[in-house]
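Provide a 3D model corresponding to the input given below.
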Amino acid sequence: MPQRVPAFSRFFVRAFVLGALAVQAATLSAQTFVPPTLPSATATERVSIAAEALPAVISGLLEKGRSLEITGRWADALSLYEEALHEHPQERELQARFDVARLHYSLEQRYDDRSFRESLRTLRPQQALDQYSDLLSKIEAHYFTTPPWQDISRRGASAMDIALANEEFLRNQGIRVRGQQIEQLRAELSRLPSRYSIRSARDAASVASQSARIARQRIGLSETATLLEFTAAAAGGLDHYSAFLTADQLRDIYSQIEGNFVGLGVELKADNGALLIVDVIPRSPAEQAGIRDGDRITAVDGQPTQALSTDQAASLLTGAEGSMVRVTVVSPGQAPRDLTVRRASVEVPSLEDVKLLDAATGVAYVRIPAFQKTTATDLEEALWDLHRQGMRSLIIDLRGNPGGLLTASVEVADKFIADGGIVSTRGRSEQENFSYRAHRPGTWRVPLVVLIDGDSASASEIFAGAIQDSGRGKVVGTRSYGKGSVQGIFPLGKSGAGARLTTARFFSPLGHPISNVGITPDVDTRRATTMASGEQANGPHLVAYGPKDADDRSATNIDAAANNGTAVTVHNIGAERDEVLDIAVEVVRAEPVAAL
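Got it, this is the predicted structure:
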């Protein structure tokens, strides 16, 4: 059975795994493949929409994206289009540019990957074809909707079109011909899928095999190289969450699930030619070296990150345990500084900041950064420790939590819900249709508030949705990300590579979809903090919430004057305080002990 992973919500590089794993997950729900109408950056004009026909905001985003494309900053372009699609999911031009950027970026990513280059060297053509056929058979058996075989083949041709226009790809393959011969091959391969009616995995494999033979005959390109491009394109084109995984990436994902890595202990994101430090793992080599959240790495071992792709820069951070790496770090408002950091084994904590916020009233706090294999066990231990310290209510902080293991989120929800549903999954295969239910033994009755924000996704939304729909506690914060699909991790062939495939969509206990919708909090803190900051001079500020109707997914009114629910006070709001947490403290104090 594949590992079931709701996956992670954002496009970033988790460099603490030191395999430069790019967890690509865009803002759209898992849907059927959108054909890539723009097979290369040079073919933009084929489908471009007149600027005057697009809303100004979309035109501005596309213009910014194309400026990134022209300079070859495909990782930044991909991030831009991903964020834009989160706000404008129906814009086809954005969808098309996103797919082009993803094809370009994934090409760079693979050829920066040591394990992929090794598979190019060692896999015989028949083994590469077998790997592609293995992927297609897994898509046929497990993908959540009917596979679009024609489009899968078409995207493989588009991937080859982009590869053949890439000088680095041609040099890597030892191809010396250029000009007309390359252009003729690109045109021939692009037309090939349209010559056939491709209705099965076998048909798709036949087209890929024929494409590989043609490329070998025309320019001497390795059949293995062509078949691997078709393999990567097939997985990556199904939806915005499915992806091909190199052997190193697959190992990194398994390590990520287990929660231990060799590395610096930082999470990175591409940011204007630098590597932005999104998160520093406690007690990691990076923390010990003085690296903090919000810092930027601008050079690795003397090489400026602006001259490198994100994966190239991140790959320079990789190395054996105990080896050293020199990084140039820029903190906001400070001059650059050079640091030498020793790579080491990093244990990623499944819980952070376990503490009593207020010993007098017994308000406890736990942050879950991601749902890992050990999260439920670690939380149980933490809850008993907090209970011994006098815990009388609990805040679970899922802000910034991108997801993780489906089973881990279910196990955590089961600790607080006595009976009823937690989440249901629905796929094309019967084995993917499952309802997870709560069990009464061992249920904690402590009053509960769950904190979420726009970066809370996937497994976080499973937990928050279960707590909300069951009426077990209040959800506080801002609307969550809206990723409502489950991915399975599948090994492929003999190269050690794998694939992440969307196998199902998930729904809250009351049957509400999460994709493109997210979880709407019971208390929307954007309205609460805006009101508080606007009226602070007039004394305490009331934030009210009332009973939530089971069929109403909208946020409860925050304005006390318009709501007859229990009023709470937002206190001590200041720049140094976590205003959202202040609100959560007041909300949880008003929550009753759960009746089991």
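
can I get stretch 386-402 as PDB, trimmed to CA atoms?
What follows is stretch 386-402 as a C-alpha-only set of coordinates in PDB (Å, rounded to 0.1, in the frame of the first residue of the first chain):
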ATOM      1  CA  LEU A 386       0.300  19.800  30.900                       C
ATOM      2  CA  HIS A 387      -2.500  18.100  32.900                       C
ATOM      3  CA  ARG A 388       0.000  17.600  35.800                       C
ATOM      4  CA  GLN A 389       0.900  21.300  35.600                       C
ATOM      5  CA  GLY A 390      -2.800  22.300  36.000                       C
ATOM      6  CA  MET A 391      -4.100  22.500  32.400                       C
ATOM      7  CA  ARG A 392      -7.800  23.500  32.400                       C
ATOM      8  CA  SER A 393      -8.100  24.500  28.700                       C
ATOM      9  CA  LEU A 394      -6.000  24.100  25.500                       C
ATOM     10  CA  ILE A 395      -5.100  26.000  22.400                       C
ATOM     11  CA  ILE A 396      -3.600  24.000  19.500                       C
ATOM     12  CA  ASP A 397      -1.800  26.200  17.000                       C
ATOM     13  CA  LEU A 398      -1.900  25.100  13.400                       C
ATOM     14  CA  ARG A 399      -0.900  28.400  11.900                       C
ATOM     15  CA  GLY A 400       1.700  27.800   9.100                       C
ATOM     16  CA  ASN A 401       1.200  24.000   9.400                       C
ATOM     17  CA  PRO A 402       1.300  22.800   5.700                       C
END
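
may I see the buried residues of that stretch?
Using 16 or more other Cβ atoms under 10 Å as the test for burial, stretch 386-402 gives 386, 391-402. To be clear about C-beta, it is placed using only N, CA and C from the backbone, and glycine gets the same treatment.

can you pull the phi and psi angles for residue 587?
Backbone torsions of residue 587, given as degrees, to the nearest 10, read phi -70, psi -50.

quick one: it and residue 449 touch, right?
Yes. The pair residue 587 and residue 449 passes the contact test of Cβ atoms under 8 Å, sitting 5.3 Å apart.

compare the two (neighbour count), which wins?
It is residue 449, of residue 587 and residue 449, that has more neighbours when counted by other Cβ atoms under 10 Å, with 30 against 26.

rewinding a little: in helices, which of the buried residues of stretch 386-402 appear?
Those of these mapping onto helices are residue 386, per DSSP state H.

tell me which two of the buried residues of stretch 386-402 sit farthest apart.
When Cβ to Cβ is used, the two most widely separated members of the buried residues of stretch 386-402 are 392 and 402, lying 30.5 Å apart.

one step back: which neighbours do residue 587 and residue 449 share?
With contacts taken as Cβ atoms under 8 Å, 6 or more residues apart in numbering, the residues that reach both residue 587 and residue 449 are 474, 476.

now do the helices in the stretch 101-250 of the chain.
Using DSSP state H, counting those that start in this stretch, the helices of the stretch 101-250 of the chain run over 114-122, 125-142, 149-164, 167-172, 180-191, 201-219, 223-236, 247-258.

picking that back up, in JSON lines, list the buried residues of stretch 386-402 along with distance to residue 143 and pLDDT.
Formatted as JSON lines, these follow (distance: Cβ to Cβ, whole Å; pLDDT from 0 to 100):
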{"residue": "386", "distance to residue 143": "42", "pLDDT": "98"}
{"residue": "391", "distance to residue 143": "44", "pLDDT": "97"}
{"residue": "392", "distance to residue 143": "47", "pLDDT": "96"}
{"residue": "393", "distance to residue 143": "43", "pLDDT": "97"}
{"residue": "394", "distance to residue 143": "39", "pLDDT": "97"}
{"residue": "395", "distance to residue 143": "38", "pLDDT": "98"}
{"residue": "396", "distance to residue 143": "33", "pLDDT": "98"}
{"residue": "397", "distance to residue 143": "34", "pLDDT": "98"}
{"residue": "398", "distance to residue 143": "29", "pLDDT": "97"}
{"residue": "399", "distance to residue 143": "32", "pLDDT": "96"}
{"residue": "400", "distance to residue 143": "30", "pLDDT": "92"}
{"residue": "401", "distance to residue 143": "26", "pLDDT": "93"}
{"residue": "402", "distance to residue 143": "23", "pLDDT": "91"}
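
cheers, nothing more for now.
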